[in-house]
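*Asks:* Pasting a predicted model and its sequence here:
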Amino acid sequence: MPNSGFIAIAAGYSHNLALVPEVGTTPVANAGAEQVVYACAGGMALVKLDGSGSHDADGDELEYFWFEQDEQIATGVDPNVQLAIGEHLIELIVNDGTQDSQPDEVLITVAEAIEVEMKFTPQALNPGSQGKWVKAHFVLPEGFGVDDVDADTPAEIEQLGIESEYMNVFINEDGLVEIEAAFRRGDFCGGVDYGPGEVTVSGRLTSGQYFYGTDTIKIVRNKLGYVADLASYWLEADCGPPDWCGGLDVDRDSVVDWLDFAMSDGCCIEVIEE
């Protein structure tokens, strides 16, 4: 009877038995199916890898090691990893406590988000005004329909991580899909500095792809401060992109006037919706 941990092997027709160490079965890695995922506006995508198809015939518990270009990027059966736009050949090796598997590869393709036209209103924002909403207005290119927009997933102000309270999707007078995403003014004003600044807002299509737009707005300190700024541009008639007279030409008609003041103050023009 052989010792524990050894097996007896017959050599030819001889009755002599040789004792050799028992070797377990090599585990098999399975890096999962190819994926196409979509990056957010920042150019990165959160990707869940899937090594659950890996196995070991001996039933040993497996450890999972994920690599890209020979650099380990994660461990575990289904880790989340951040990947940039482009193609990524990810390699998985599993270990059963004794042996490494042969590597298995999976191709992950990260597609970029779609940049679209966006206008943020009001362009000059007074935190002390009585308006309830600030809004991002998107226009999608030709070829998109209303059903292509995932209106159930909130839009997000990238710099602040603030999600929209509601979204309206409709066909505008030019026959293009227009999206209105509304954010609570108090949430927005609590996270930005005074002065001009860039705002990037993103949303999602039903395909999973993101769309985003960027606009420049101005946060005014108070009414007196805003009036002083307004006076320095008053009736200036050559406002244009990207500055729009320091963000004071709120309606972008190239002239700084009382309509811009009213819109920035939120007293008369802004539509309040429940």
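*Replies:* Cool, got the structure.

*Asks:* isn't there a strand covering Phe188?
*Replies:* No. Counting by DSSP: H, G, I helix; E, B strand; the rest coil, Phe188 is not part of a strand but helix.

*Asks:* Nearest residue to it in space, please, no chain neighbours.
*Replies:* Val134 (5.1 Å; CB to CB, 6 or more residues apart in numbering). Backbone N, C-alpha and C define where each C-beta goes, glycine included.

*Asks:* Give me the neighbour count for that neighbour.
*Replies:* Residues lying near Val134 (other CB atoms under 10 Å) number 25.

*Asks:* Could you do Gly161 as well?
*Replies:* 8.

*Asks:* before we move on, what about Glu163?
*Replies:* What Glu163 shows, counting by other CB under 10 Å, is a neighbour count of 14.

*Asks:* picking up where we left off before, what bridges to the residue nearest to Phe188?
*Replies:* For Val134, the beta-bridge partners under DSSP bridges are Phe183.

*Asks:* My read is that it contacts Thr121, right?
*Replies:* Yes. Val134 lies in contact with Thr121 (CB atoms under 8 Å); the separation is 7.0 Å.

*Asks:* what's the overlap in contacts for the two?
*Replies:* Counting by CB atoms under 8 Å, 6 or more residues apart in numbering, no residue touches both Val134 and Thr121.

*Asks:* coming back round to it: look up the pLDDT of the residue nearest to Phe188 for me, please.
*Replies:* Looking at Val134, its pLDDT is 86.

*Asks:* Please work out the average pLDDT along stretch 86-105.
*Replies:* Here stretch 86-105 scores 97 as its mean pLDDT.

*Asks:* Tell me the buried residues in it?
*Replies:* For stretch 86-105, a neighbour-count test (16 or more other CB atoms under 10 Å) marks 88, 90-96, 101, 104 as buried.

*Asks:* Which of those fall in strands?
*Replies:* Taking DSSP state E, the ones among those that sit in strands are 88, 90-95, 104.

*Asks:* what two of those are the furthest from one another?
*Replies:* His88 and Asn95 (22.5 Å; CB to CB).

*Asks:* Skip the chain neighbours and tell me the closest residue to Lys48.
*Replies:* Spatial nearest neighbour of Lys48, excluding adjacent residues (CB to CB, 6+ apart): Asn80 at 5.3 Å.

*Asks:* List the contacts of that neighbour.
*Replies:* Contacts for Asn80 (CB under 8 Å, 6+ apart) come out as 46-49, 74.

*Asks:* From Ile73, how far out is it?
*Replies:* Distance, Asn80 to Ile73, using CB to CB, to the nearest Å: 11 Å.

*Asks:* hey, C-alpha coordinates of the helix or strand where Phe138 lies in PDB?
*Replies:* Assessed by DSSP states H and E, Phe138 sits inside strand 133-139. C-alpha atoms of strand 133-139 as PDB (Å, rounded to 0.1, in the frame of the first residue of the first chain):
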ATOM      1  CA  TRP A 133     -33.600  75.500 -11.300                       C
ATOM      2  CA  VAL A 134     -30.400  75.800 -13.400                       C
ATOM      3  CA  LYS A 135     -30.600  73.900 -16.600                       C
ATOM      4  CA  ALA A 136     -28.500  72.300 -19.300                       C
ATOM      5  CA  HIS A 137     -29.900  72.300 -22.800                       C
ATOM      6  CA  PHE A 138     -28.500  69.800 -25.300                       C
ATOM      7  CA  VAL A 139     -29.100  69.400 -29.000                       C
END
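
*Asks:* Thanks a lot, see you next time.
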